[in-house]
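Asker: no FASTA, just this:
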C-alpha cells in the first residue's frame, strides 16, 4: 500500500505541476474610452474616520479623470465612520446621507459605492465594495442606451445667496414608467483631517461631498408618470445657500440632478451636474 | 433547478419513510433550534440605526433537522427559516426560508456513496473544508456527491464534486477533489504508527466571473494586470506520526496560480499615484505543524504555521467569511470568559506566521495548571500581530467546590485586525477568577469575575457573573459589565444581563435580557463584527 501511496503522490504532482498548460489563455478585456451621452451616478459611501476610504476616493478620481463628462459623484458621509478626526474640523456627516444609506439597503462597510443605484449581475446589494471594480460597473452602465437627456438651468443671487434651479428631462425613447427626480447640492475642496491605513492625513481634500438634498431621500420626487419620446418634463427648486465659517463655499458647490425609475426599482436613468458659479 | 431537486428529494424521503416506517431497523431522529431577538433601541450603546432597532423590532432564526436511517441508507433534511435576522450581515436584515440541507448516503460494501449538501474536509481543512457555523450563519456545504472507497480498515480513497452552498443558492464555481487517507503500523505491538494523506482540489469558476475578472484586469495599468483564468488547483500532503505519548502532525498545502483580492496590495493609477487593493494572480502556501505530548498528568502541544497568499474561495471576489473553501487552523487560545475572549485574532489568509504552546499539568489530585503562549506575526515573523500569555490555576474538590484563577496578557494589532490605521497596539492585562460551589447534589452557585486593564480602544472593564443552578432543571444568571476607564470620550455604562434557563429532558429553553457592547465574534479563527445588542434573547433547542 505504501508503494501505491508514493506512486499516487508522484503521478499527481506531475499532473498538477503541468496543469497550467491545460487551460487556454483568456484575453484581458480592455474597454478603451466609451463615447456616449449617458451620465452615470456614482454614490461614494465614505467618512473622515474611515481608514480605507481614501482608497475609494482615489478610485473615484481615477474614474472621473477617465470620464470627466460622463460621471457625476455624490460623496455620502453617512453615520458609520463619518465623525470628524479632529474636533476643530467641520462635520461632513448629514442626515440626508444617512437617509440615502437607509434607502439603498444592505451594506458591509466602507468604502462602498452604488453605481446608478443598480444591483448588478452576481451581486445581492446595491452597494459595492472593492473600489478597483467600480470602474467596470461604470463602464457597463456607460455602454447602455441613453434613455433621456437631463439639463440643469439655474440662477444664483450673490446677495441673498438664493439659488433657483430648473431640471429638464428630455426622453430619447418612450419611458413608460414613473420617473422620479433627485436634486442635491455638493461641495468640493473641503479640507479636513482624514484617517488612512497608516494614521491620519492632516490636510485631506474631500470632493463631491453631499451637503443638501433638495428632494426626498426615499426615492426622490415624482417628476412624471411616463414620458413619451422627445417630450420634456421639468421641475423647479429653490434653495438658499447657508452661511458657515468653514463650509458652503459657493465657488466649490455644484448642483447634481438625476432621474430614476420608480422607488421599487431605484435604478438611475441619467444624471447631470452644473457648478453654481 | 435546485428547488425542483429539493422537492424531488423531499418526495423521495417521504415515500421511503412511509414504506419503511413499520420496519424494525428504521430509526428517525432530529433536532430543533430557534433563536428569537426582541430589539430594544439604545443609542447610548450604539444599538440603533439598523432596521431591527429602527422599525422591525423582532428577528429570529430557526433550524429544523430530521434524519433517518434504514437498511444501510442514511438520509436527512434541514429546513432553515430567517426572519429579520442580523446573523448574515450585522448591519442589515435578512429574511428567507427554505430547504437548508438534504443528503442521502448508502454504504455499498466498501463503497460509501453520498449526495446532497455534504460536510467534509481534507487533512486539517487547509485546501478544503465544508462546514456549518451557525453563530455566523456560515454554511459551506458542498451541493454535490461524494464517493469513498475503503481498500481495507486503514486505507481509503475519497472523491467529491459539487458547488458550494451560498444561503439558498450556490456560488458560481464548481469544486472537485480527491483525497487518499491511510494508516500504517508495523505490528500491533509496534510503538509507532503513521497516518499519511494527500489531497487535491480543483475549482473552476463560471464564464460570467471570468469575464468580470478579464474586464477588471483591463482597467488596471499593465504593471498591475493579471491573466484571468478558469481553474485553480490546490494540493495538500499531511501525516500524523504517533510514537507512544508523542504525536506529530505535519501538513504542507500549496495552491497553484489562483486569483485573489489583496486589500493591501499597491495599485498604480494612471496619473502615477498609487492606491491600495487589487486582484492578484499567484501561488499560495500554508505550512502547519503540531507536536503533542500526552503523558501522565502532563500535556504539551506546540503548533506552528506559516501562511502566504492562501485566500482560497469559491469566487475570487468574495470577502469576510463568505465562500471560503479553505480553513486554516487558528493559532490562539479559544477563551471562554467574557473579557478574556473580547480580543481574538482572525486568521490572516494572505500573510501570517505563528506559533503556539499549550501546557497542562496536574499537580497531585486537586491542582491543575494551564499555560498558553501564542505569538502571531506576518509571514516573515517580523511584524507583530498578536501575542497572548494565558496562565490558569484550578483547585478541584469533587462534589464540593472548584476554584479557578489566572492572568491573561494580550497584545492585539488594531491596524491589522480592526483596520484602524495608525492606532496603537492594544495591550491588555486581565486577571480572572471563578468559583463553583456545590451546596448539595441539587444546588450550585458559580461566580466569575474578570478585570481587563486596557488604555486603548474600548478602555478598561470589569465583568461579574453569578449563576445559580437548581439541578436538573433551572439555571439563573445575572451579570454586569462596566467600563471603569472609558476612552475616546465615551461614557461609563453598565451592560447588565439577566437570564433564566430551563432544561427538561432533551429540551432547553432560555430567556435573557441582554445589553452587550459591540465586539468581534470569532469561531475557528474566522471573525466578524458583532454590533452592540440591547433587548431580549430567547432560544429553544430540542433533540428528538
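Answerer: Okay, I see it. None of these values were measured; they are calculated from a predicted model.

Asker: Check the burial of residue B:82 by counting its neighbours.
Answerer: For residue B:82, the neighbour count with other Cβ atoms under 10 Å in any protein chain shown is 23. The C-beta positions use only the backbone N, C-alpha and C, and glycine is treated the same way.

Asker: Name the residues linked to it by a beta bridge.
Answerer: For residue B:82, the beta-bridge partners under DSSP bridges are residue B:61, residue B:96.

Asker: wait, what's in contact with the residue in chain A that chain B sits nearest to?
Answerer: Residue nearest to chain B within chain A (Cβ to the nearest Cβ): residue A:199, separated by 2.8 Å. Residues near residue A:199 by Cβ atoms under 8 Å, 6 or more residues apart in numbering or on different chains: B:421, B:422.

Asker: go on, residue B:85?
Answerer: Neighbouring residues of residue B:85 by Cβ under 8 Å, 6+ apart: B:59, B:60, B:61, B:93, B:94, B:95, B:137.

Asker: Likewise for residue B:232?
Answerer: For residue B:232, the contact set (Cβ under 8 Å, 6+ apart) comprises B:202, B:203, B:255, B:256, B:257, B:258, B:259, B:312.

Asker: where's it, which helix or strand?
Answerer: Secondary structure assigned from DSSP states H and E places residue B:232 in strand B:231-243.

Asker: what about the closest residue to residue B:221 other than its chain neighbours, how many residues close to it?
Answerer: Setting aside the residues directly before and after it, residue B:221 is nearest to residue B:268 in space (Cβ to Cβ, 6 or more residues apart in numbering or on different chains), at 5.2 Å. Residues contacting residue B:268 under the criterion other Cβ under 10 Å number 15.

Asker: is residue B:268 in a bridge, and if so with what?
Answerer: Beta-bridge partners, per DSSP bridges, of residue B:268: residue B:274.

Asker: residue contacts, it?
Answerer: So residue B:268 contacts B:221, B:223, B:224, B:274 (Cβ under 8 Å, 6+ apart).

Asker: Mind checking which of the contacts of residue B:85 are buried?
Answerer: Taking 16 or more other Cβ atoms under 10 Å in any protein chain shown as the criterion, what is buried in those is B:59, B:60, B:61, B:93, B:94, B:137.

Asker: a markdown table for those, including distance to residue B:435?
Answerer: As requested, these are exported to a markdown table (distance: Cβ to Cβ, whole Å):
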| residue | distance to residue B:435 |
| --- | --- |
| B:59 | 36 |
| B:60 | 36 |
| B:61 | 34 |
| B:93 | 41 |
| B:94 | 41 |
| B:137 | 36 |
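
Asker: now those in TSV, with pLDDT and distance to residue A:230?
Answerer: Shown next, in TSV, are the buried ones among the contacts of residue B:85 (pLDDT from 0 to 100; distance: Cβ to Cβ, whole Å):
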residue	pLDDT	distance to residue A:230
B:59	96	50
B:60	96	53
B:61	97	53
B:93	89	43
B:94	92	44
B:137	91	51
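
Asker: For residue B:422, see how far away the residue of chain A closest to chain B is.
Answerer: According to Cβ to Cβ, to the nearest Å, residue A:199 and residue B:422 sit 3 Å apart.

Asker: Kindly report the same for residue B:223.
Answerer: Counting by Cβ to Cβ, the gap from residue B:223 to residue B:422 is 28 Å.
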